[in-house]
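*Asks:* Give me a 3D structure for the following:
(2 chains)
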Amino acid sequence: DAGITQSPRHKVTETGTPVTLRCHQTENHRYMYWYRQDPGHGLRLIHYSYGVKDTDKGEVSDGYSVSRSKTEDFLLTLESATSSQTSVYFCAISDTSTDTQYFGPGTRLTVL
Amino acid sequence: GESVGLHLPTLSVQEGDNSIINCAYSNSASDYFIWYKQESGKGPQFIIDIRSNMDKRQGQRVTVLLNKTVKHLSLQIAATQPGDSAVYFCAENTNSGYSTLTFGKGTMLLVSP
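*Replies:* Have a look, this model is predicted:
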C-alpha cells in the first residue's frame, strides 16, 4: 500500500458522536486525499491537502473537516456523525497534483 | 456492509482467456489516465497509466489503449488468472487546478478456473 496506513481499520459509532480517522504516510508525498466509496457512486473526493496546513474541499465535503499539521499525517473528522456517513473511507497520496495516486487500505465506518 | 462490487457491470471469463475492460471518460482536456484494481476489502491498487500523447502502453500481462477521438480507454489482460478477479476502474486527470482524478464506477471481473 505504498507506505500508507489508516487507523482505525474498522469503527462502529453512534449518530451524533465525533469521529476522527487518521492517514499516515512514509513517502514524504506533498498531496494527500480523503475519499469515500459507496455502492453505485465509486470514489468521491471529500477533502485534499497540497501541503502542511494547506487543504481544500472536494466534491462531498459537507459534514467533514480535515487537518494536516505534519507532512506525514492527514486527519479526517466527522464532527457529528450521521448514518449517511456510513461508508468506506480511503486515503490516497501523490507526489504532485498530476501524478498517480496511491491508496491506503481503507477504514470501514458504520454509524448507527 | 454492502459490497462495493454490487450494481457494477460484470465481465465473466475463463482462466486463460484474454479480458478487455472498457471505460468511457468524460473530459476531452484530460491528459493522464490510470487503471486501478480493487480486490474485496482492499484499497485500489495502481495497475498501469498512460498519458494523452500515447495510444498504447504495455505492462506485464496488461495493455492500455487510449482512443482520444471517442474518449475511450481500455484495459486488456492477457491469460487471465483467478487472481485477476476484482473490480477494475479507470481514472482521468482533468487537469483543472488541484482537482485531480475523476474515477469511473468500475467493472467487476470474474475469472473461473
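*Asks:* Any idea how far the helix or strand of chain B with the lowest mean pLDDT is from the middle of the chain?
*Replies:* Within chain B, no helix or strand scores below strand B:99-103, which has a mean of 77 by mean pLDDT, DSSP states H and E. Centroid separation for strand B:99-103 versus its chain: 14 Å, with CA atoms, centre = their mean, to the nearest Å.
*Asks:* outside of that strand, which residues touch it?
*Replies:* Residues outside strand B:99-103 that contact it (CB atoms under 8 Å, 6 or more residues apart in numbering or on different chains): A:31, A:33, A:42-43, A:45, A:48, A:58, A:94, A:97-98, A:101, B:25-27, B:30, B:34, B:36, B:89-94. (C-beta placed from N, C-alpha, C; glycine too.)
*Asks:* what about dumping the CA coordinates of it to PDB?
*Replies:* Output in PDB follows, covering the C-alpha atoms of strand B:99-103 (Å, rounded to 0.1, in the frame of the first residue of the first chain):
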ATOM      1  CA  SER B  99      -8.900  18.800  -8.600                       C
ATOM      2  CA  THR B 100      -7.100  15.800  -9.900                       C
ATOM      3  CA  LEU B 101      -8.500  12.400 -10.600                       C
ATOM      4  CA  THR B 102     -12.100  11.600 -11.600                       C
ATOM      5  CA  PHE B 103     -12.900   7.900 -11.100                       C
END
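*Asks:* Direction included, what does that strand pair against?
*Replies:* Strand B:99-103 has its sheet partners listed here by DSSP bridges as strand B:86-96 (antiparallel).
*Asks:* Could you give me the buried positions within the partner strand?
*Replies:* Buried residues in strand B:86-96, counted by 16 or more other CB atoms under 10 Å in any protein chain shown: B:86, B:87, B:88, B:89, B:90, B:91, B:92, B:93, B:94.
*Asks:* just stretch A:84-97 next, same as before
*Replies:* Neighbour-count burial for stretch A:84-97 [16+ other CB under 10 Å]: A:85, A:86, A:87, A:88, A:89, A:90, A:91, A:92, A:93, A:94, A:97.
*Asks:* just stretch B:62-78 next, same as before
*Replies:* Neighbour-count burial for stretch B:62-78 [16+ other CB under 10 Å]: B:62, B:63, B:64, B:65, B:66, B:73, B:74, B:75, B:76, B:77.
*Asks:* Which members of the residues you listed are the farthest-apart pair?
*Replies:* Among the buried residues of stretch B:62-78, the pair separated by the greatest distance (CB to CB) is B:66 and B:77, at 16.4 Å.
*Asks:* need the next SSE after the one helix or strand residue B:46 maps to, C-terminal direction.
*Replies:* Here residue B:46, judged by DSSP states H and E, is contained in strand B:45-51. Next helix or strand after strand B:45-51 toward the C-terminus (DSSP H and E): strand B:56-58.
*Asks:* Touching that next one from outside, list them.
*Replies:* Applying CB under 8 Å, 6+ apart, the set of residues contacting strand B:56-58 is B:48, B:49, B:50, B:63, B:64, B:65, B:66.
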